[in-house]
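J.: Predicted model, plus sequence, below.
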Amino acid sequence: MEDRATQVSASDVEYEIEIRLRGLRKEKPFAGIHICPPSSLDVPDEQSARLVILCPGDEYKASKQNNNAMTAVQDILNNRGNTPRIYRNMLAFVAPDQDLMLSLKQAVRLYLAWKSIKEDSEDLNLDAAQNRETENNLRRSNETVDARIKEAYCWLLVPYIDKETDMKTIVWDTIRISGGSEGIIAKAARKMLQNEAIITTWAPALLLMELDNLLWRDSDNIAIKKLWEFLCTYCYLPRLASENVLEESIRAGLHSTEYFAFASAFDGMRYIDLKSNQYVGAIERSGYLVKMGVAQKQIAEEAAQRQAEAAAQTGSGTTIPASTDGNSSTYIDPASGTGSGAEKIQEDDTAVASPKNTRFYMSAQLDTTRIGRDVQRLVEEVISHLMSVDKAQVEVSLELNVKSPDGLSPQVVRTVSENCRTLRVRDFGFEE
C-alpha cells in the first residue's frame, strides 16, 4: 500500500481535492461560489457577493508575503480575463494553508492507494479478511481527507481600502477560520458577518453617513442605480450581500424625516413623486435619494402652492360639511358669517375627566440576526403611535453589550469607533 501511495502523481492528488471541493454548495449570504477557477475569466464580474475557493496549488503562507494565494487573488480581483474587473467589492476568497496542505496531500495519496487496492482486489487475489480490511481503511482514509480539507482551507482573504489612509491601495484582511465542525463556506460566511466584511442588514443611519461623507457631498441627490454600482465597485465602501439589503435600508430610512427622501425621477429642476416619512413599497433603481433639507423645501413649496390654488378656487364662498357623517353641508357667506341650512353646534358641558396612563415604558430583547427588522416593527407598531400623541415627550435609547471570548479584531474596533463618533454616540468604549 505504501508503495502505491508514493506512486500517486501530484496532479492526481490535486484533482481529487478539486473534485471534493466542487461538492461544496452555495450558502447565504453569498450569491455565488466559485471553486478552483482556472483563471480570472472564470469568476463573473457581477453585482452580487461571491466567494472564491482557490485551487490547491494556490497556497497561502502567513510569513511569506509573495505566495501563490496572493498572486491568484490579486489577479482575480483586478481582472476578468483581459479586461479590468469593475465590481471588485463583491469578492472574497478562501485559500489553503501551505503547511497544512502537506498532510492533506499525504492523506489523499493514502486514500487513492486504498482505492486502487479495492479496484484491483480480484487481480491481487485478496481473501475475505483482506477485503474487509481494505474497505475499513478506505472508509477511514476517505473521512480523513474530508477532515483535512476543512483544516487546510483555513485562510479567508478579504480586500478593502482604508479610506483614512489611501483611497486607491487595496489592503488584505487575512483571517484564519480553522476549527469547528462547520464547512468551509459556512465558516467564511460566519466570520465575514461577525467582522462586518459582508452586511445583510444595514441601518439607514449608516447609509446616510456614507452618503454625507463622500457619495453626495457635492450634490443634492444620488441615483439609486449609481449608488448600488458605487457599493459594488469601491472597496472603501461597505460590502452589501445583495441589492435587497440596500433597498431595505432605504425603505427603513423613508419611515423617518431624519435621513433622506425618495423621488421616482428628477427633471433637473424638481423631484417627481417626492416621498418622505412614509412607507414606500417599491424602491426602483431608476429612482433617486434626495437630501432631506432639499426635499422638505420642495414639499413645503408644493403645499403652499396647493393652498393658494384651493383659495383661488373658493371664490366668494366655501361649502363645508355641516355634519360629521358627510351627508349634509352648509354654505357660509364670508361677509356675514351666516348660511343656509346651518346646524347648531351643541356645547359639551361635561366635566373633563382626569388624564390616565400618563407614562409608558418598554424594554425589548432583539434578535441579533434580525435587528433591523425588529427595530422597524417596534417603530411601526409601537413608537409611531406614541409619537403621534399631542404633547407626548418620547425618549428612545439603545443599550448594547457585547462579549467576545476571542476578542474583537483591530478592524472591527476601528470601524465601530469611527461609526460611533460619526453617529454622535454619547457613550461607548471597549474593555479588556
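T.: That came through, no problem.
J.: does the closest residue in space to residue 374 that isn't next to it in sequence count as helix, strand or coil?
T.: Distances taken as C-beta to C-beta, 6 or more residues apart in numbering place residue 366 nearest to residue 374, at 4.5 Å, with adjacent residues excluded. For every residue, glycine as well, the C-beta is placed using N, CA and C. Following DSSP: H, G, I helix; E, B strand; the rest coil, residue 366 is assigned to coil.
J.: Go ahead and confirm residue 366 touches residue 375.
T.: Yes. Residue 366 is within contact range of residue 375, at 6.9 Å (criterion: C-beta atoms under 8 Å).
J.: Between those two, which is the more surrounded one?
T.: Each of residue 366 and residue 375 has its neighbours counted (other C-beta atoms under 10 Å); residue 375 has more, 18 against 15.
J.: For the chain, just list every one of the helices.
T.: Along the chain, counting by DSSP state H, helices occupy 2-7, 10-21, 68-78, 98-119, 121-124, 128-152, 184-194, 204-210, 224-233, 243-253, 292-314, 371-378, 384-387, 410-422.
J.: Tabulate the ones you listed (CSV), appending mean pLDDT and distance to residue 429.
T.: Shown next, in CSV, are these (pLDDT from 0 to 100; distance: least, C-beta to C-beta, whole Å):
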stretch, mean pLDDT, distance to residue 429
helix 2-7, 74, 56
helix 10-21, 93, 43
helix 68-78, 97, 35
helix 98-119, 89, 38
helix 121-124, 69, 67
helix 128-152, 88, 37
helix 184-194, 95, 20
helix 204-210, 95, 20
helix 224-233, 97, 30
helix 243-253, 95, 27
helix 292-314, 88, 31
helix 371-378, 70, 21
helix 384-387, 75, 30
helix 410-422, 76, 9
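J.: can you redo those as JSON lines with distance to residue 54?
T.: Output for these, formatted as JSON lines (distance: least, C-beta to C-beta, whole Å):
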{"stretch": "helix 2-7", "distance to residue 54": "25"}
{"stretch": "helix 10-21", "distance to residue 54": "9"}
{"stretch": "helix 68-78", "distance to residue 54": "6"}
{"stretch": "helix 98-119", "distance to residue 54": "11"}
{"stretch": "helix 121-124", "distance to residue 54": "36"}
{"stretch": "helix 128-152", "distance to residue 54": "11"}
{"stretch": "helix 184-194", "distance to residue 54": "11"}
{"stretch": "helix 204-210", "distance to residue 54": "31"}
{"stretch": "helix 224-233", "distance to residue 54": "22"}
{"stretch": "helix 243-253", "distance to residue 54": "26"}
{"stretch": "helix 292-314", "distance to residue 54": "45"}
{"stretch": "helix 371-378", "distance to residue 54": "33"}
{"stretch": "helix 384-387", "distance to residue 54": "49"}
{"stretch": "helix 410-422", "distance to residue 54": "22"}
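J.: Quick one: closest of the ones you listed to residue 91.
T.: helix 68-78 (6.0 Å; C-beta to C-beta).
J.: I would like the residues contacting that closest one, please.
T.: Here helix 68-78 makes contact (C-beta atoms under 8 Å, 6 or more residues apart in numbering) with 37, 40, 43, 52, 54-55, 57-61, 84-85, 88, 91, 93, 95-96, 155, 157, 159, 170, 172.
J.: Buried ones among those?
T.: Buried subset of the contacts of helix 68-78 (neighbour count, 16 or more other C-beta atoms under 10 Å): 37, 40, 43, 52, 54-55, 58-61, 85, 88, 91, 93, 95-96, 155, 157, 159, 170.
J.: Let's see which of those end up in strands.
T.: Mapping the buried ones among the contacts of helix 68-78 onto strands (DSSP state E) picks out 52, 91, 93, 95, 155, 157, 159.
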